[in-house]
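A.B. asks: A predicted structure for the sequence below; I have some questions about it.
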Amino acid sequence: TKGVKINGGDFDASQLEIRCLEAVKSTVSEYRRLGQGRQFVCFAAGVEHAKSLCTEFNERGVPTAIITAETPEQERREIFKKVAELKLRGIVNINTCGIGFNLPAISCIIHARPTKSRTLYIQMVGRGQRLVAGVLEFLEVDGHVDLAILELVQELAQLDGVVEQGAGVPAEVRLHAVGD
């Protein structure tokens, strides 16, 4: 996120997407290294970034679909069903798998879209709080992981009863940073 301007309290969307496009290959490499084949939701910075991520995942043997604001509701339901049936490993999205998104099979969050917004971050992190297994993986690809983020993840994992968590809080939370 070095050199990306701040606009309205968060990173400038167009500059952020350009910056994130530079990290597509490393994002997929880190998922393959750390994600242990877990089903994931990946938050992208924009449509081109999402398309690039989805293409890279698929080319590297990780069956993935993309959901954008233009994805019809029926197609979204089909994608969710394929993830639940283990026919897809992941979903790349642009602000479409936040509030109201609930897919218990997801146990890995790929945060490929840095944000300065605590609210947006909580929404993204919360997509992995409905666990089936006991471990939650967070991949931070903006090189901006600090104690405040780790504390937030741990705090969210302990909000039993406050945040809908399905199978309960994870037994373990792992936070990995992909360098800047």
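C.D. replies: Perfect, thanks for sending it.
A.B. asks: can you list the weak-confidence ranges in this structure?
C.D. replies: Across the chain, the stretches falling below the confidence threshold (pLDDT under 70) are 1, 96-104, 119-180.
A.B. asks: can you give me the helices for it?
C.D. replies: Counting by DSSP state H, the chain has helices at residues 13-21, 24-34, 47-59, 73-84, 118-126, 147-157.
A.B. asks: Of all these, which one is nearest K2?
C.D. replies: When the helices of the chain are compared by Cβ to Cβ, helix 13-21 sits nearest K2, at 8.1 Å. Where C-beta positions appear, they are placed from N, C-alpha and C, glycine not excepted.
A.B. asks: Which other helices and strands does the closest one contact?
C.D. replies: Using 3 or more Cβ pairs under 8 Å, 6 or more residues apart in numbering; DSSP states H and E as the contact test, the elements touching helix 13-21 are helix 47-59.
A.B. asks: Could you list the residues in contact with the helix it packs on?
C.D. replies: Under the criterion Cβ atoms under 8 Å, 6 or more residues apart in numbering, residues 17, 20-21, 24-25, 27-28, 31, 42, 44, 63-66, 68, 89-90, 92-94, 112-113 lie in contact with helix 47-59.
A.B. asks: and the helices of the chain as JSON lines, adding distance to K2 and mean neighbour count?
C.D. replies: Formatted as JSON lines, the helices of the chain follow (distance: least, Cβ to Cβ, whole Å; neighbours: other Cβ atoms under 10 Å):
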{"stretch": "helix 13-21", "distance to K2": "8", "mean neighbour count": "18"}
{"stretch": "helix 24-34", "distance to K2": "15", "mean neighbour count": "18"}
{"stretch": "helix 47-59", "distance to K2": "17", "mean neighbour count": "20"}
{"stretch": "helix 73-84", "distance to K2": "34", "mean neighbour count": "14"}
{"stretch": "helix 118-126", "distance to K2": "19", "mean neighbour count": "17"}
{"stretch": "helix 147-157", "distance to K2": "17", "mean neighbour count": "15"}
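A.B. asks: For those helices, give me CSV that also has distance to K5.
C.D. replies: Supplementary listing: the helices of the chain in CSV, determined by distance: least, Cβ to Cβ, whole Å:
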stretch, distance to K5
helix 13-21, 6
helix 24-34, 21
helix 47-59, 17
helix 73-84, 32
helix 118-126, 17
helix 147-157, 21
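A.B. asks: you'd agree R32 is up against V62?
C.D. replies: Yes: the pair formed by R32 and V62 meets the contact definition of Cβ atoms under 8 Å, at 7.0 Å.
A.B. asks: Would you check how far apart G35 and N7 are?
C.D. replies: Relative to N7, G35 is positioned 31 Å away (Cβ to Cβ, to the nearest Å).
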